[in-house]
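*Asks:* Return atomic coordinates for the entry below.
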Amino acid sequence: MNNNNVSPVSVKQDTLEEISHYTYAIVYPIIFLLGIIGNILSSLLFSITKLNRTSCGVYFLLLAIYDSIGLLGGLHHCLTIGYHVPVPNATYCRARNFLLYISMDMTSWMIVAISVDRYLKVKFPIKARIYATQKLAIIVSCIITFVFILKNFHLATVFIGNFRDDAADNCDPNPNYPKYVAFFKNIWPWIDLTTYALLPFIIVTLCNAFIIYDQYKRRVKLRKRNLDRSLVTLLLVSSISLIVCNLPITILAGIYPYISVTYDTNKTYDGVAFAFDLLRILSYASLALNFYLYYYSSTIFRQQAILLFKRIFRIKSITNDIELIERPHTNENRYEQRLYSIEETDDYQQTSVPSLTDSSFISNFYSQE
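*Replies:* This is a model prediction of the structure:
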């Protein structure tokens with residue numbers, strides 16, 4: 001008799017909730033571990049290897065850092081959805097929401113900054129020699145960070161925190177402020193959609209299109225250009241990852257309040273909420289996989305990563321790595337030119353190319369014992 005009273009809708013709801021539960025309990029921890037390891041390695045590569053000489057190396061370093069912050073923020077959903085552990089703490093919710101939204105915004109706009117940096121160096125190589133510098137990259141990063149602190153500051157205020165028994169999430173808007181709840185439901189998703197997805201999507205797509213078009217317009221194959229094909233590929237991979245993994249959930253977030261009956265309650269769970277939870281996993285994956293995509297797609301990144309691994313594990317190479325270090329000065333210059341041809345307009349190339357065996361920290365880092 002009891003089984004006959006269970007409606008098909010309830011069975012479907014339970015099934016969707018169970019799938020979502022196991023996804024966040026099993027899949028997200030894997031994504032988190034892979035992401036933290038990969039982002040730490042990316043941070044090392046863009047801070048202590050010669051990749052940090054590039055002006056856009058600052059952006060790649062910050063991208064890895066903000067990716068890690070975003071993954072830490074995602075642990076909230078791992079706890080609440082995957083392990084049904086409530087976190088009824090207002091301070092936690094406000095800090096978590098504030099940092100998560102800033103990190104997600106910054107990941108998008110770091111890719112925008114990289115795209116613009118690459119475009120300027122292709123389109124205006126002479127001016128880029130003056131303006132596309134590490135100093136300017138730091139200034140631009142600070143400005144972008146300040147803008148998104150202002151944009152997301154309301155998430156760190158008393159407006160956040162819903163601790164009612166039927167709350168879908170304790171970190172939702174505070175029901176004691178109905179005007180803010182209305183703003184968060186009807187206006188905020190579209191602001192977030194525009195700044196997090198639409199504008200970055202448009203700018204990144206245009207810059208990448210201009211970069212590729214410039215190569216063909218000059219009738220020179222991409223692999224023969226000083227703008228190394230590896231870095232262009234790396235940029236395209238980052239851009240595609242950003243768009244494919246984040247645009248769908250951002251669009252769904254905009255229409256979610258209007259098409260789902262579970263938007264602000266935990267009493268029911270429909271297909272829209274299920275789709276939103278799965279797309280959120282995809283979005284978190286984009287924060288975790290950049291290092292592995294870089295390694296697979298970029299020759300230069302892979303070369304530097306291998307050298308870093310060998311140094312970390314103290315592996316003495318008897319192949320090309322030692323040969324490159326022990327070759328005469330002329331060959332060193334040729335290797336430097338090939339490896340860093342992507343940055344023909346950077347400041348460090350305005351001076352003579354240093355020896356690979358000089359006393360700098362980077363050289364010591366790669367020197368063989």
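
*Asks:* CA atoms for contacts and neighbours, from now on please.
*Replies:* Noted.

*Asks:* Spatially nearest residue to Phe32 (excluding sequence neighbours)?
*Replies:* Leaving aside its sequence neighbours, Phe32 sits nearest to Leu71 (CA to CA, 6 or more residues apart in numbering; 6.1 Å).

*Asks:* Quick check: which element contains the one you found?
*Replies:* helix 57-77 (DSSP states H and E).

*Asks:* Which residues does that helix contact?
*Replies:* Contacts to helix 57-77, defined as CA atoms under 8 Å, 6 or more residues apart in numbering, come from residues 24, 32, 35-36, 39-40, 42-43, 46-47, 51-52, 96-97, 99-100, 103-104, 106-107, 110-111, 113-114, 134, 137-138, 141, 284, 287-288.

*Asks:* Return the members of those residues classed as buried.
*Replies:* Using 16 or more other CA atoms under 10 Å as the burial test, the contacts of helix 57-77 include 24, 32, 35-36, 39, 42-43, 46-47, 51-52, 96-97, 99-100, 103-104, 106-107, 110-111, 113-114, 134, 137-138, 141, 284, 287-288 as buried.

*Asks:* In the protein, which helix is the longest?
*Replies:* Criterion DSSP state H: the longest helix present in the chain is helix 90-123.

*Asks:* helices and strands around that one, which ones?
*Replies:* helix 57-77, helix 125-131, helix 134-152, helix 199-217, helix 229-259 (3 or more CA pairs under 8 Å, 6 or more residues apart in numbering; DSSP states H and E).

*Asks:* Over it, what's the mean pLDDT, rounded is fine.
*Replies:* The pLDDT scores in helix 90-123 average 92.

*Asks:* now that helix, how far from the centre of its chain.
*Replies:* Taking CA atoms, centre = their mean, to the nearest Å, the mean C-alpha location of helix 90-123 is offset from the chain mean by 8 Å.

*Asks:* cool, stretch 270-290 as well?
*Replies:* Put simply, stretch 270-290 sits 14 Å off its chain's centre (CA atoms, centre = their mean).

*Asks:* Please enumerate residues in contact with it?
*Replies:* Outside stretch 270-290, the residues that touch it by CA under 8 Å, 6+ apart are 13, 16-17, 20, 24, 28, 31-32, 34-36, 38-39, 67-68, 70-71, 74, 238, 241-242, 245-246, 248-249, 252-253, 256, 259-263.

*Asks:* The same query, at a cut-off of 6 Å, please.
*Replies:* Stretch 270-290 is touched from outside by Gly35, Asp67, Cys245, Asn246, Ile249, Ser260, with contacts defined as CA atoms under 6 Å, 6 or more residues apart in numbering.

*Asks:* just the buried members of those residues?
*Replies:* Gly35, Asp67, Cys245, Asn246, Ile249.

*Asks:* Can you tell me how far the third one is from Val237?
*Replies:* Counting by CA to CA, to the nearest Å, the gap from Cys245 to Val237 is 12 Å.

*Asks:* Then the first one?
*Replies:* According to CA to CA, Gly35 stands 16 Å off from Val237.

*Asks:* got it, and the second one?
*Replies:* As for Asp67, its distance to Val237 is 16 Å (criterion: CA to CA).

*Asks:* The one helix or strand Ser10 maps to: what's the following helix or strand?
*Replies:* Taking DSSP H and E as the criterion, Ser10 maps to helix 8-22. Per DSSP H and E, helix 8-22 leads on to helix 28-48 as the next helix or strand towards the C-terminus.

*Asks:* Go ahead and name everything in contact with that following helix.
*Replies:* Taking CA under 6 Å, 6+ apart as the rule, helix 28-48 contacts Asn52, Gly57, Leu61, Ala64, Ser68, Ala288, Phe291.
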